[in-house]
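**Student:** Just a sequence and a predicted model for now, questions to come.
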Amino acid sequence: MSTPHIDADPGDFAPAVLMPGDPRRAQLIAEALFDEPRLVNDVRGILGYTGTIGGQPISVMASGMGCPSITIYATELYRFFGVRRIIRVGTAGAMQEALQLGDVIAASAAHTDSAMAQARIPGVSMSHAPSFNLLLAAVEAAATAEVKMQVGPIFSSDHFYVSRPETAAALIAHGTLAVEMESAALYAVAAAERAEALTLLTVTDHLGRGERMTPKQREDCFLDMSTVAIAAALSR
Ligand SMILES: O=P(O)(O)O[C@H]1O[C@H](CO)[C@@H](O)[C@H]1O
Ligand SMILES: O=c1cc[nH]c(=O)[nH]1
């Protein structure tokens, strides 16, 4: 069966899917961490792989960048391919002073300026929240793997380059940990499809200090986050 954006058969995807924005990160995760990964989607270069870990099936597929893109892929996976859990494994810009490059964050809520959020239930400011079970499993997995993980609210922005110092300052004052571009939409789709979602992020930039990882460091920084994501994805 194919949808407009995924050319795969029923059963090609595991019930649990890891979802980075970057197709290259999807390929690296599959090749580094899955047993016998096989390519199950490459429409528009959005690479998707399915393999096993410890005998359990698991998939990884890219989302592309931004709320519209992840909304399309998450909706099609949940609605047409039997997927029940999506764990975003993304990169983010740190907003709080104490965060360092390479730190891992679990998004317990996602604020957003996306028009998509306002259009989903007109007149309502939705709460964009992860699956409690997945968040709990991730917290436990991080403790077991000794991965230092901050849990808190993040900001899913429609903009990467527009500078809004007052908005950033207000979000920081409200405890927002970091900015990225997809999680609010993922959490909204999961709610609409009665499925599970969670976002884990690795800090690749620090907004206040102007620090940033190199492109190569961005590609290589997925291991701690993926270890936690896989444990949560395969939890009961
Ligand atoms: O690294 P990914 O998962 O793509 O996440 C972040 O990186 C992209 C911007 O560079 C946006 O998609 C943002 O959410
Ligand atoms: O959306 C993003 C992702 C990484 N770093 C940022 O500053 N923003």
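**Tutor:** Looks like it arrived, so ask away. Ligands and ions are numbered 1, 2, ... in the order given.
**Student:** quick one, phi psi at the single nearest residue of the chain relative to ligand 2?
**Tutor:** In the chain, the residue that lies nearest ligand 2 is G93 (2.4 Å; CB to the nearest ligand atom). No exception for glycine: its C-beta is placed from N, CA and C like everyone else's. The phi and psi values for G93, taken as degrees, to the nearest 10, are phi -100, psi 120.
**Student:** wait, it sits on T202?
**Tutor:** No - under the criterion of CB atoms under 8 Å, G93 is not in contact with T202, lying 11.0 Å apart.
**Student:** what's the closest non-adjacent residue to the most centrally placed residue in the chain?
**Tutor:** Residue closest to the average C-alpha location in the chain (CA atoms, centre = their mean): R88, at 1.8 Å. When the adjacent residues along the chain are set aside, R88 lies closest to T199, with 4.2 Å between them (CB to CB, 6 or more residues apart in numbering).
**Student:** The helix or strand that contains that neighbour pairs with which strands?
**Tutor:** Using DSSP states H and E, T199 maps to strand 196-206. Strand pairing for strand 196-206, using DSSP bridges, gives strand 85-94 (parallel), strand 104-112 (antiparallel), strand 211-212 (antiparallel).
**Student:** could the ones you listed be laid out in JSON lines, adding mean pLDDT?
**Tutor:** Shown next, in JSON lines, are the strands paired with strand 196-206 (pLDDT from 0 to 100):
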{"stretch": "strand 85-94", "mean pLDDT": "98"}
{"stretch": "strand 104-112", "mean pLDDT": "98"}
{"stretch": "strand 211-212", "mean pLDDT": "96"}
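**Student:** of all those strands, which gets the most neighbours per residue?
**Tutor:** Of all those, strand 85-94 carries the top mean neighbour count, a mean of 26, counting by mean count of other CB atoms under 10 Å.
**Student:** could you dump that strand to CSV, C-alpha only?
**Tutor:** In CSV, the C-alpha atoms belonging to strand 85-94 read as follows (Å, rounded to 0.1, in the frame of the first residue of the first chain):
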residue,chain,number,x,y,z
ARG,A,85,4.6,4.9,18.9
ILE,A,86,6.8,7.6,17.4
ILE,A,87,9.8,8.9,19.3
ARG,A,88,11.3,12.0,17.7
VAL,A,89,15.1,12.1,18.1
GLY,A,90,15.9,15.6,17.1
THR,A,91,18.4,18.5,17.6
ALA,A,92,17.7,21.7,19.4
GLY,A,93,18.9,25.1,20.4
ALA,A,94,19.3,25.5,24.2
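**Student:** Please state the offset of it from the chain centre?
**Tutor:** 3 Å (CA atoms, centre = their mean, to the nearest Å).
**Student:** What of stretch 128-139?
**Tutor:** Worked out by CA atoms, centre = their mean, stretch 128-139 lies 12 Å from the chain centre.
**Student:** same check, this time on stretch 187-200
**Tutor:** Offset of stretch 187-200 from its chain centre (CA atoms, centre = their mean): 11 Å.
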